[in-house]
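K.L.:
Quick one, structure for this:
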Amino acid sequence: MNEQVGRHTHLFQEQDFIGHSGDQLHWKIEMDALDDAEWSCIARMIMERTLPFREAVGIPKGGVKLGELLNEHATSNPEHPICIVDDVLTTGGSFNYFLDQYLRNREPSPVIGWCVFARDTCPSWVQALFQMPSNTGFNHVNLR
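P.N.:
Numbering: from 1, shown residues only. Have a look, this model is predicted:
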């Protein structure tokens, strides 16, 4: 973990705050706690699971570092999709908004998306390395 001014920054923090989505949240995933080696490992984890992509684009601000690391593996092949990345997905709204803005003045293109942590269900085109379970209910089995 990253040491900042002699104090350990925790990855998971219990605190009330308003997320980018505008929702009241009660715990935070503080990605600034990760150091460069951990970010490199995350990029490698994604590369072991992803389709080839022509370029990686990070959603500001949390996805920029990951996008830069993944771009080292981009194919530049126009037949491959663009890979949109972010650090934490809460509702998926940032992904959809960014995609709409990014493609606004560009030729239509296939896209894939990756996030490190997903607090909720991802849009169909986005994968998460670490996915929180759905809060819509539990699947269960009746045992005899």
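
K.L.:
which residues of the protein fall in strands?
P.N.:
3-4, 7-8, 12-18, 24-29, 55-58, 82-89, 111-118, 126-131 (DSSP state E).

K.L.:
in the fourth one, what counts as buried?
P.N.:
Going by neighbour count (16 or more other CB atoms under 10 Å), the buried part of strand 24-29 is 28-29. Where C-beta positions appear, they are placed from N, C-alpha and C, glycine not excepted.

K.L.:
between it and strand 82-89, how many degrees?
P.N.:
When axes from the mean of the first three to the mean of the last three CA atoms, to 10 degrees is applied, the directions of strand 24-29 and strand 82-89 differ by 110 degrees.

K.L.:
Pick out the residue nearest the middle of this structure.
P.N.:
Residue closest to the mean C-alpha point of the chain, counted by CA atoms, centre = their mean, is C115 at 1.8 Å.

K.L.:
ranges for the helices of this protein?
P.N.:
Taking DSSP state H as the test, the helices found in the chain are 36-47, 64-71, 93-103.

K.L.:
Tabulate the ones you listed (TSV), appending distance to Q131.
P.N.:
Listed next are the helices of the chain as TSV, based on distance: least, CB to CB, whole Å:
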stretch	distance to Q131
helix 36-47	13
helix 64-71	17
helix 93-103	14
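
K.L.:
Rank the helices and strands of the protein by mean pLDDT and give me the bottom one.
P.N.:
Least confident helix or strand, the chain: strand 3-4 with a mean of 50, by mean pLDDT, DSSP states H and E.

K.L.:
now do the same end-to-end measure for stretch 76-86.
P.N.:
When the termini of stretch 76-86 are compared using CA to CA, to the nearest Å, they are 20 Å apart.

K.L.:
Quick one: mean pLDDT over that stretch.
P.N.:
Per-region confidence: stretch 76-86 scores 97 on mean pLDDT.

K.L.:
In that stretch, which residues are buried?
P.N.:
Neighbour counts over stretch 76-86 (16+ other CB under 10 Å) mark 80-86 as buried.
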